[in-house]
Structure formats: structure tokens, C-alpha cells
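K.L.:
Based on what follows, work out the 3D shape:
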Amino acid sequence: MYRIQLQDFEGPLDLLLLLINRNEIDIFDIPIAQITNEYLSYVELIEAIDLDGVAEFIYFAALLISIKARMLLPNPEEDEEGEPIDPRHEIVERILEYVQYKNAAETLDEQFEQRSLLFTRGQASAPVQSMMPEKEILVKRTVFDLIDTLRDVLENASEEPTITIAPQKRSIEEQCEYIRNAIFAQEQVSFSAMVMGKTRYFIVITFLAALEMAYSGEVFVSSGPDGEDFVIERATGQTFVG
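P.N.:
Sure thing, here's the model as predicted:
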């Protein structure tokens, strides 16, 4: 499998927050068995597509499994004063601390963006240029949603043939060219339509190629009309030759 590194890729705490918010869970009363099972299903896919940073996800998976096991013990752990210890306390503290830093970072980013729109003395005659792209590249914020789409597509994928003669594996660069050709013909294309009827390997390598092209600024990746798929289209200023 090919390893791909994504800048600003969400980490395990982002995934935990996503699952907590999606299920409308009280962060101080996390149903650890449910969250652990959902988290592991994501980690399984992250391992399959070999995204950079998977070790950190596996570490938190082990932590969740450990907490789940401790909660099943007949005699709960107690502190020095004899009070029962909630095994979930450690993960809750980590999430709350992470949210605090995440909110602070977002506030600083907003302040930076607002300041970037101002001109200091000596720049008044400079042409005004928008700091924002015409369309938002959604990969940074929706990578787990993209993985949801990948999981749905893989469930209906063709099985790899049991007997093959000299199987030919495609590279990420080859799949980038495959995407370029698809976009040249149709301007934009949905991921599921582009890989329909293909093998699981073909689907995964195309998924990685789409992410790499999005982060390089070659294409835009956005949610599809039904919210269950994603659409790939040529970025502004990019010219593909068919």
C-alpha cells in the first residue's frame, strides 16, 4: 500500500469529538462501548489506506479498549479516599484540554485572517487581493466524512479475483491522471461514480489520489448533493489536457 501524508489531518481526538457530537453524547457520560466500536471502525479504514499518523490513532484505540475493559471489572477501582474511580476520567480530561487549545487556535486564526485584510502604511497603493479561494477546499475539515463515503463504496465493491495472472497494481500518480481525464471529460465527477464496479484496491488508491490532488491545490473536493458522496472538480486556474 502507498503511504500518503496529509497536512493538518485530523487526529484521534478530532475523531472522538466527531463521534461524541454526532451521537449527541454528554462528554461526562460517554457510552464507552459504543464509542470504542465506532472509533475502531474508523481506525480499521485509516490503517487500510495507510494514512500518515495512523500510530496515534492506534494508541488511542488501545486506550479506549483499556477503559472499556476496566469498566467491566466487577469491583471498580478506588482512590486513596475509597471513592470509586471512573476510568473514563482520563479520556474526558484529554478531550476537554484539546477543545480548549483547539478553540484558542481557531480564535487566533480568525484574528490573523481579519488582520490580513488590513493594510499598513506604505501598502495603500497595493492591489487588493482576496485571501480566500473562490471555493473552500473541504478536505481539511471533512476527512472523516470522506472516509465514511469510502467505507460505503467499499461495502459494494467487487471482490479481488481469486486467481490472477500477473496482476497490475496502479500507482497514486496513475490514479491522479485517471482523475484528471475524468474531470476533463465532465468538469466534475462524484467519487462513487468514478469507481463504480471497480475493485477495492482501485477504489482505495483513487481515494488517496483525490486527497493528494486536493491538498496540492489541483482539485476541489466538496460534499455531494446528497451529503453521502463527494464531488471532485478542477481547481480555478488548473488546465487538464484530455
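
K.L.:
what residue lies at the spatial centre of this protein?
P.N.:
V143 (2.3 Å; CA atoms, centre = their mean).

K.L.:
Per-residue pLDDT of V221, please?
P.N.:
For V221, the pLDDT comes out at 85.

K.L.:
Next: Q186.
P.N.:
Looking at Q186, its pLDDT stands at 78.

K.L.:
Next, count neighbours for it.
P.N.:
By the criterion of other CB atoms under 10 Å, Q186 has 13 neighbours. C-beta: built from backbone N, CA, C; applies to glycine.

K.L.:
For this protein, give me the ranges with low pLDDT.
P.N.:
Residue ranges of the chain with pLDDT under 70: 1-9, 50, 52, 109, 112-142, 158-169, 226-227, 236-242.

K.L.:
Select the longest helix from it.
P.N.:
Criterion DSSP state H: the longest helix present in the chain is helix 89-116.

K.L.:
Going by neighbour count, which residues of it are buried?
P.N.:
By neighbour count with 16 or more other CB atoms under 10 Å, helix 89-116 contains the buried residues I91, I95, Y98.

K.L.:
and if you look at stretch 195-208?
P.N.:
In stretch 195-208, counting by 16+ other CB under 10 Å, buried: V195, R200, F202, I203, V204, I205, T206, F207, L208.

K.L.:
Next step: those residues restricted to helices.
P.N.:
Judged by DSSP H, the subset of the buried residues of stretch 195-208 located in helices is V195, R200, F202, I203, V204, I205, T206, F207, L208.

K.L.:
Out of these, which is nearest to L51?
P.N.:
In terms of CB to CB, no member of these lies closer to L51 than L208, at 8.3 Å.

K.L.:
My guess is the closest one contacts S171. True?
P.N.:
No. Counting by CB atoms under 8 Å, L208 stays clear of S171, with 10.1 Å between them.

K.L.:
thinking again about what came up before, for the buried residues of stretch 195-208, which two are the farthest from each other?
P.N.:
Farthest apart among the buried residues of stretch 195-208 by CB to CB are R200 and L208. That separation is 12.9 Å.

K.L.:
so where do the strands sit in this protein?
P.N.:
188-190, 219-223, 230-234 (DSSP state E).
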